[in-house]
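Chemist: sequence first, predicted model second:
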Amino acid sequence: MTDFYAVIGNPIEHSKSPVIHHAFAQSTHQDIQYERVLAPLDGFAEAVHGLIAHGFKGANVTVPFKLEAFAMANRLTSRAQDAGAVNTLIFDAEGIIGDNTDGVGLVRDITHNIGVSFAGKRVLLIGAGGASEGVLHPILAEHPALLIITNRTMDKALNMVKRIEANDEMLFVSIQAYAFDDLHGQHFDIVINATSAGLSDSHLPLPAGIFAPNALAYDMMYGRITPFMGLALQQGAVVFGGLGMLIEQAAEAFTVWRGIRPSTAPVIAMFIQQAKA
Ligand code: NDP
């Protein structure tokens with residue numbers, strides 16, 4: 001019997017998730033169908049209930065519905081609670097479980113695929129939106145020496161830091177919020193762009209010298225060279241886009257749903273090959 005899954009968003013036609021999940025299903029011999037669902041901006045809950053009524057087993061959730069998905073779930077995994085957002089829904093007899101696989105996806109891409117460890121490193125996280133919130137705890141769990149969050153709207157970065165500081169389990173962490181202007185003279189081993197500035201080709205006001213020698217510059221956006229990536233290349237950093245994160249977060253969702261972990265390397269290679277063609 002085929003099991004059905006979907007990704008819900010608005011817009012959604014650009015989503016690569018069906019291709020990724022069908023590739024995972026083929027390689028793990030799972031009988032699934034995965035489709036895109038465009039929900040009206042005021043129609044997320046209705047779209048989810050529609051899927052449940054049709055017997056779907058789960059769904060991924062993308063922009064702009066991750067907070068609504070968080071509010072709608074009857075039960076939340078601890079990583080969804082930490083993130084304050086949900087990108088993966090599991091439908092079972094008792095209702096809707098909300099999970100978040102974005103953070104684990106980013107960390108796995110950087111540590112396993114790219115081969116860079118966070119342990120003992122100086123890390124700069126740019127942005128304080130949903131994606132930044134989603135990756136914060138998983139990055140801290142890797143024990144960097146220092147994590148600085150910077151954001152155009154400073155209050156949001158300060159709030160993220162305050163929440164970590166108020167959490168007794170996070171007392172081992174050195175975490176601070178800096179304005180862009182305060183970054184002069186600082187340098188980092190790993191710089192992660194979790195803003196959507198690249199969507200509009202906007203430049204981030206990053207000072208020269210923030211990339212330590214051999215630093216990793218990671219932009220969560222994928223499919224284009226953003227101004228952040230251009231700047232990082234000019235300054236000698238090793239640069240990656242967010243394709244690996246996208247595929248790793250999908251692999252984690254697939255594992256949660258199907259109980260079997262797909263291999264991600266062939267799917268990453270397939271997308272890189274397609275981009276070159
Ligand atoms: P949000 O809308 O929640 O947050 C946007 C963030 O970008 C905010 O911090 C905002 O700052 C900042 N920002 C937007 N425009 C600018 C600008 N011109 N200059 C400086 N800062 C700016 O978006 P998300 O957090 O959900 O997503 C962020 C990015 O991450 C997107 O590009 C998304 O595609 C990508 N992403 C990639 C994933 C992957 O799997 N590869 C998964 C999830 C997200 P302010 O607070 O001041 O408005």
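Modeler: Arrived safely.
Chemist: find the nearest non-adjacent residue to Gly55, please.
Modeler: Using CB to CB, 6 or more residues apart in numbering and skipping residues adjacent in sequence, the residue nearest Gly55 is Phe4, 6.6 Å away. From N, CA and C alone the C-beta is placed, and that goes for glycine too.
Chemist: and Pro66, what are its phi and psi?
Modeler: Rather than Pro, residue 66 is Lys. Backbone torsions of Lys66, given as degrees, to the nearest 10, read phi -70, psi -30.
Chemist: same question, Met72
Modeler: The phi/psi pair for Met72 (degrees, to the nearest 10) reads phi -90, psi -30.
Chemist: the one 3 residues further on now?
Modeler: Backbone torsions of Arg75, given as degrees, to the nearest 10, read phi -130, psi 150.
Chemist: count the residues that sit near the residue nearest to it when sequence neighbours are not counted.
Modeler: Distances taken as CB to CB, 6+ apart place Ile97 nearest to Arg75, at 4.9 Å, with adjacent residues excluded. Per other CB atoms under 10 Å, the neighbour tally for Ile97 reads 19.
Chemist: got the residues of the stretch 51-200 of the chain near the ligand?
Modeler: Counting by CB under 6 Å from any ligand atom, the positions of the stretch 51-200 of the chain adjacent to the ligand are 63, 102, 105, 127-132, 151-153, 156, 194-197, 199.
Chemist: burial check on the residue of the chain found nearest the ligand, number of neighbours?
Modeler: With CB to the nearest ligand atom, the shortest gap between the chain and the ligand falls at Gly129, namely 1.9 Å. Using other CB under 10 Å, Gly129 has 15 other residues around it.
Chemist: mind pulling up the pLDDT for it?
Modeler: If you check Gly129, the pLDDT there is 89.
Chemist: and Asp168, by the same measure?
Modeler: pLDDT, read off for Asp168, is 78.
Chemist: care to break this structure down by domain?
Modeler: Split into domains by automatic domain parsing, the chain comes to 3-100, 103-243.
Chemist: now the end-to-end length of stretch 74-94.
Modeler: Separation of the first and last residues of stretch 74-94 by CA to CA, to the nearest Å is 8 Å.
Chemist: list the buried ones in it?
Modeler: Judged by neighbour count using 16 or more other CB atoms under 10 Å, the buried positions of stretch 74-94 are 76-77, 79-80, 82-91.
Chemist: immediately after the strand or helix carrying Val123, which helix or strand?
Modeler: Using DSSP states H and E, Val123 sits in strand 122-126. Next along the chain after strand 122-126, taking DSSP H and E as the criterion, comes helix 130-140.
Chemist: from the buried residues of stretch 74-94, which land in strands?
Modeler: Members of these lying in strands (criterion: DSSP state E): Leu76, Thr88, Leu89, Ile90, Phe91.
Chemist: okay, the third one: pLDDT?
Modeler: Per-residue pLDDT puts Leu89 at 98.
Chemist: re earlier: need the ones in strands among the buried residues of stretch 74-94 in a markdown table (columns: distance to Pro205).
Modeler: What follows is those, written out as a markdown table (distance: CB to CB, whole Å):
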| residue | distance to Pro205 |
| --- | --- |
| Leu76 | 36 |
| Thr88 | 34 |
| Leu89 | 37 |
| Ile90 | 41 |
| Phe91 | 44 |
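Chemist: which one of the residues you listed is nearest to Met221?
Modeler: For those, the minimum distance to Met221 (CB to CB) is 20.6 Å, reached by Thr88.
Chemist: test my guess that that closest one contacts Val61.
Modeler: Yes: counting by CB atoms under 8 Å, Val61 is a contact partner of Thr88 at 7.2 Å.
Chemist: spatially central, which residue of this protein would that be?
Modeler: The centre of the chain sits closest to Asp102, judged by CA atoms, centre = their mean, with a distance of 3.4 Å.
Chemist: quick one: the helices in the protein, in order.
Modeler: Along the chain, counting by DSSP state H, helices occupy 17-28, 44-53, 66-72, 78-83, 102-108, 130-140, 154-165, 227-234, 243-258, 265-276.
Chemist: those helices: which one's closest to Ile210?
Modeler: The nearest among the helices of the chain, by CB to CB, is helix 227-234 at 9.1 Å.
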